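Asks: What would the 3D arrangement of this be:
(one chain, ligands or ions: 1)
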Amino acid sequence: MNQPDLVIIGAGPGGYVAAERAGEAGLSVILIEENELGGVCLNEGCIPTKALLHSAKTYHKLKSSAEHGIVCPPAAFDLAAAQAWKQKTVGTLVNGIAGLMKKAKVTVVKGRASLDGKTVSVGSDTWTPKNIIIATGSSSFMPPIPGADAAGVLTSRQILTLSAPPKSLAVLGGGVIGMEFASLYAMLGTEVTVLEMLPEIFPFADPDVVGVYKRSLSGITLKTSCKVFSIEKSTVAFEEAGVKADLKAEKILVAAGRRPRIGLEGLGASGIEHSPKGIRVDDRMRTNLPGVYAIGDVTGRSFYAHAASRMAEVAVHDIIGKGKEKMRWHAIPWAVFGQTELAGCGLTETEAKSKGIPVKTAKLPLTASGKYLAENGVGPSVCKTVVHAETGAVLGVFLCGAGVAELIHSASLMIEHELRVADVTGCVYPHPTVSETVRDCLSLIR
Ligand SMILES: Cc1cc2nc3c(=O)[nH]c(=O)nc-3n(C[C@H](O)[C@H](O)[C@H](O)COP(=O)(O)OP(=O)(O)OC[C@H]3O[C@@H](n4cnc5c(N)ncnc54)[C@H](O)[C@@H]3O)c2cc1C
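Replies: Got it, this is the predicted structure:
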């Protein structure tokens with residue numbers, strides 16, 4: 001039997017993008033998935049959350065519609081109907097991936113893969129391909145808190161299937177996923193409390209911008225430096241600033257982060273270097289075993305779908321010998337979704353200074369944009385830019401406000417291509433748009 005050029009384990013945004021690119025390049029590709037095509041991103045992550053968030057945001061907007069001249073009977077929210085919309089969206093995209101795989105002549109195999117050196121098996125089927133890409137993703141981290149894994153305590157997967165908003169919700173973990181669900185349910189009228197262990201949420205982000213984000217939160221009580229001891233039935237026992245307290249909530253969500261899924265059978269025996277933090281890879285996504293690559297969440301390098309897809313492209317380019325592409329980790333944008341969004345790319349002012357880089361910074365509220373103001377009114381928002389004081393190179397862009405995740409790609413372009421302020425201000429941005437604010441903020445730096 002002819003052996004395939006490439007076997008990919010896992011069909012999330014890492015695996016299916018790798019399969020598509022490799023198939024398009026003429027490689028014979030087998031893509032193995034034990035669940036649904038699309039992985040966590042499409043089935044229980046990025047997409048279902050955004051479908052529900054869209055419904056919640058629309059409902060929330062309708063509540064103040066009279067101010068915008070739209071008079072209608074009081075809006076009611078039907079979470080079961082929103083769930084149906086979510087499923088329809090997910091179904092369309094999963095089918096779309098099946099179509100893409102067919103077009104790229106990728107053979108999709110349903111089943112659980114295991115590894116034995118450079119041989120991959122699913123049941124009695126085995127392949128010894130020239131190259132292997134491991135893209136097995138990540139799973140929710142369960143903190144060692146008594147009661148955290150009890151029936152009734154929700155994970156991010158389970159909270160996606162509720163048919164009615166709870167009256168109250170305790171969220172353990174103020175990370176990207178925890179704050180997204182907090183925002184979603186707060187918009188639906190749930191009384192939300194977030195308990196975060198660290199002194200500050202989003203320690204990777206610019207503190208000025210995080211401050212604006214916190215001021216924008218509505219319907220969410222945020223408790224930081226909070227140590228949770230136990231969960232019993234509907235009560236969370238915790239300590240905040242040395243004071244012990246109990247929090248009662250109808251539903252409890254544990255959102256304590258994600259861990260690389262390194263349980264692939266045969267991974268260790270095959271000699272592939274890994275730890276609980278992920279499979280070790282270089283900047284071309286190569287593991288220590290020649291011809292074996294790892295991409296996406298399983299590497300522990302980044303827990304974003306777009307990063308997984310970029311890692312896929314870099315790995316496939318290495319396999320087909322197309323250039324010597326490398327991951328440029330600092331140019332990967334990140335975003336926190338919700339009623340207010342937070343997005344960033346590049347170095348924060350603090351990070352730049354700690355590296356001894358001289359910087360100049362500027363800040364501008366997004367309400368400086370007439371379009372933003374017309375659509376959102378007055379409220380906390382900001383754009384902050386960080387620029388190299390001597391060369392004028394754009395080092396970092398951070399945004400907080402409605403819809404800012406749609407704007408951050410321009411920052412990744414600037415940072416990926418090492419653009420300078422003059423390169424950006426020499427470009428024309430359309431008016432009136434919110435994107436103008438990024439250009440205007442950069443032009444404040446002289
Ligand atoms: C609630 C939530 C919201 C999120 N929102 C966003 C967002 O808005 N934006 C963003 O960029 N990221 C978001 N993420 C993160 C994003 O989903 C992940 O970064 C992304 O899915 C990682 O892609 P991946 O290809 O590495 O792995 P995954 O998507 O996890 O896919 C891995 C696949 O491998 C399969 N697999 C594992 N082991 C085997 C095996 N032995 N055999 C066969 N198949 C196997 C799994 O079934 C799975 O389908 C979110 C995550 C969650 C949980």
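Asks: can you list the residues of this protein near the ligand?
Replies: 9-15, 32-35, 39-41, 45-46, 49, 112-113, 135-138, 156, 177, 261, 264, 296-298, 303-306, 308, 337 (C-beta under 6 Å from any ligand atom). Where C-beta positions appear, they are placed from N, C-alpha and C, glycine not excepted.
Asks: residues contacting whichever residue of the stretch 51-200 of the chain sits closest to the ligand?
Replies: Residue nearest to the ligand within the stretch 51-200 of the chain: residue 137 (2.0 Å; C-beta to the nearest ligand atom). Counting by C-beta atoms under 8 Å, 6 or more residues apart in numbering, residue 137 makes contact with 10, 12, 14, 39-40, 260-261, 296-298, 308.
Asks: From residue 380, how far out is it?
Replies: As judged by C-beta to C-beta, to the nearest Å, residue 137 and residue 380 stand 35 Å apart.
Asks: who's in contact with stretch 169-176?
Replies: By C-beta under 8 Å, 6+ apart, stretch 169-176 touches 143, 145, 148, 178-179, 181-182, 185, 190-198, 201-202, 222, 224, 228, 231, 236, 247, 249-257, 334, 336.
Asks: Equivalent analysis for stretch 372-382, please.
Replies: In contact with stretch 372-382 (C-beta under 8 Å, 6+ apart) are residues 67, 208-209, 212-213, 215-216, 340, 363-367, 398-402, 434, 437.
Asks: Now, of those, which are buried?
Replies: 208-209, 212-213, 216, 340, 364-367, 398-402, 434, 437 (16 or more other C-beta atoms under 10 Å).
Asks: one step back: buried subset of the residues of the chain next to the ligand as a ChimeraX selection?
Replies: The buried residues among those can be selected in ChimeraX (16+ other C-beta under 10 Å) with this line:
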select :9,10,11,12,13,14,15,32,33,39,40,41,45,46,49,113,135,136,137,138,156,177,261,264,296,297,298,303,304,305,306,308,337
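Asks: helix, strand or coil for residue 30?
Replies: Look at residue 30: counting by DSSP: H, G, I helix; E, B strand; the rest coil, its state is strand.
Asks: tally of neighbours for it?
Replies: 23 (other C-beta atoms under 10 Å).
Asks: what bridges to it?
Replies: residue 7, residue 107 (DSSP bridges).
Asks: for it, what are its contacts?
Replies: 4, 6-8, 106-109, 120, 127, 129 are the contacts of residue 30 under C-beta under 8 Å, 6+ apart.
Asks: now with 10 Å?
Replies: 3-9, 19, 106-109, 113, 120, 122, 125, 127, 129, 132 (C-beta atoms under 10 Å, 6 or more residues apart in numbering).
Asks: Can you tell me which of these are buried?
Replies: 4-9, 19, 106, 108-109, 113, 120, 122, 127, 129, 132.
Asks: which pair in these spans the largest distance?
Replies: 5 and 122 (17.6 Å; C-beta to C-beta).
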